[in-house]
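Participant: below: sequence and its predicted model.
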Amino acid sequence: MQGLYFDFLLKNKINNVMNMKKTLIVLFIILVIIQLTSFNLYELKNYELACCGSGGGGP
């Protein structure tokens with residue numbers, strides 16, 4: 001009986017670790033996407049300031 005219970009605990013632990021890994025991977029992907037989009041927005045702002053801002057007739 002004790003062996004079965006231990007086996008159950010071990011399986012639960014493995015499942016928890018797998019779920020944690022999945023959660024961490026998802027969070028990491030979300031963070032990367034946020035970084036990329038914020039970087040792109042920043043670049044766009046700079047580009048607008050350089051080319052079209054203050055009447056500089058860019059492309």
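Facilitator: Received the coordinates, thanks.
Participant: so how far is V17 from F6?
Facilitator: 16 Å (Cβ to Cβ, to the nearest Å). No exception for glycine: its C-beta is placed from N, CA and C like everyone else's.
Participant: one more: I33?
Facilitator: 25 Å.
Participant: can you get me a residue count around Y5?
Facilitator: 9 (other Cβ atoms under 10 Å).
Participant: name the element it belongs to?
Facilitator: helix 2-51 (DSSP states H and E).
Participant: where does the protein dip in pLDDT?
Facilitator: 1-2, 47-59 (pLDDT under 70).
Participant: at 90 what do you get?
Facilitator: Scanning the chain for pLDDT under 90 picks out the ranges 1-19, 32-59.
Participant: any idea how far F6 is from K13?
Facilitator: In terms of Cβ to Cβ, K13 sits 10 Å off from F6.
Participant: from Y42, how far out is G3?
Facilitator: 58 Å.
Participant: comparing the two, which shows the higher neighbour count?
Facilitator: When neighbours are counted by other Cβ under 10 Å, G3 and Y42 differ, and Y42 comes out ahead with 10 against 7.
Participant: check the gap between that one and F8 for me.
Facilitator: 51 Å.
Participant: swap in L27?
Facilitator: 28 Å.
Participant: what is the burial count for V32?
Facilitator: V32 has 10 nearby residues by other Cβ under 10 Å.
Participant: please apply the same query to K22.
Facilitator: 10.
Participant: quick one: it from F28, how far?
Facilitator: 11 Å.
Participant: now V17
Facilitator: Applying Cβ to Cβ to V17 and F28 gives a distance of 16 Å.
Participant: same deal with F6?
Facilitator: 33 Å.
Participant: got it, and I14?
Facilitator: Distance from I14 to F28, by Cβ to Cβ: 21 Å.
Participant: appreciated, that's everything.
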